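K.L.:
Sequence unavailable; structure follows:
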């Protein structure tokens, strides 16, 4: 290991990419919610309004984990606490 | 447009530094606009008519739509907290629309969204004690007293997830637009960003505003019943 700072920054970028990978499962879950809602509206068009509002709430709930991943990635890239710790350690 | 929140100036009150950031400044501008708008509407509605016409029917229609929406979500007996959520709705919507003008939206700062979510959380606890009295404390020990830590963490996670949802959506729009403005040459920056602004600010902003308010209302209903 030549330069500890470069190593930490590189690892942080890999961690950000891994944190964003949870978008795969989040999108899958949201697609499932939307598909089910469309199916329900097709079966029962008179209940479309209540199904739509419930669908939006469900989408927002499923989106939460994706948002957490995004925030972790942003913290890793722009406000990384490890870099400060390392700089203090190196003096 | 800048990714970081600029610090405009620092006020020193008795040794305590108060940082006036871009967010606070933009919040003041929005508050000023909303207050002036409210005063203008109040003065225009001075001669109140029983049968609404023109401007008055427009304002009454907006209020009635929100009242119906809140009543459908909350049920009866909560009419005293509906005005607060109307204010939250208008504030979040106008601050999301604020970034259309190239300024930083106050909701793209965690401080703003966490303050709003904390207010919803306090209202939730208050309404729980008001409607359920002592029984509200019992809901923390359901189904067994061993589950108390889990229930407590679940309750404390509510304002955090509520604020992170709005903040993450607004911040992602800000980041994508900042990247677009930073990476493209000048001649593509006229006209085309309007589409991106429409998608990330107007559509996402309206959707997230609706979701913030409806989830707050659902938490309150869940605590009160």
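P.N.:
Received it, and whenever you're ready, just let me know what you need. Since the model is a prediction, treat every value here as computed from it, not as a measurement.
K.L.:
tally of neighbours for the closest residue to chain A within chain B?
P.N.:
Minimum separation of chain B from chain A (Cβ to the nearest Cβ) falls at residue B:168, amounting to 3.6 Å. C-beta here means a position set from N, CA and C on the backbone, and glycine is covered the same way. Residue B:168 has 23 neighbours, counted by other Cβ atoms under 10 Å in any protein chain shown.
K.L.:
With residue B:95 instead?
P.N.:
Neighbours of residue B:95 under the rule other Cβ under 10 Å: 28.
K.L.:
Hmm, residue B:25 and residue B:8 touching each other?
P.N.:
Yes - proximity of residue B:8 to residue B:25 meets the contact threshold set by Cβ atoms under 8 Å, at 5.8 Å.
K.L.:
Retrieve the pLDDT associated with the nearest residue to the residue of chain B closest to chain A once chain neighbours are set aside.
P.N.:
Excluding its sequence neighbours, the residue lying closest to residue B:168 (Cβ to Cβ, 6 or more residues apart in numbering or on different chains) is residue A:67, at 3.6 Å. The model reports residue A:67 with a pLDDT of 89.
K.L.:
Give me the more crowded residue out of residue B:8 and residue B:25.
P.N.:
A count of neighbours by other Cβ under 10 Å puts residue B:25 above the other of residue B:8 and residue B:25, at 15 against 12.
K.L.:
Write out the residues of chain B neighbouring chain A.
P.N.:
B:3-4, B:161, B:164-165, B:167-169, B:171-172, B:175, B:207-208, B:210-211, B:214-215, B:218 (Cβ under 8 Å from any Cβ of the partner chain).
K.L.:
In chain B, where's the longest helix?
P.N.:
What stands out as the longest helix in chain B, according to DSSP state H, is helix B:148-183.
K.L.:
Run a quick neighbour tally on the residue nearest to residue B:168.
P.N.:
When counting by other Cβ under 10 Å, one arrives at 20 neighbours for residue A:67.
K.L.:
What residues sit buried inside the helix or strand containing it?
P.N.:
Using DSSP states H and E, residue A:67 falls within helix A:48-78. By neighbour count on 16 or more other Cβ atoms under 10 Å in any protein chain shown, the buried set for helix A:48-78 is A:51, A:53, A:55-64, A:66-74, A:76-77.
K.L.:
and the residue minimising distance to the centre of chain B, what does it touch?
P.N.:
Chain B has residue B:92 as the residue nearest its centroid, 3.8 Å off, counting by Cα atoms, centre = their mean. With contact taken as Cβ atoms under 8 Å, 6 or more residues apart in numbering or on different chains, residue B:92 is in contact with B:107, B:116, B:166, B:205, B:208, B:209, B:212, B:213.
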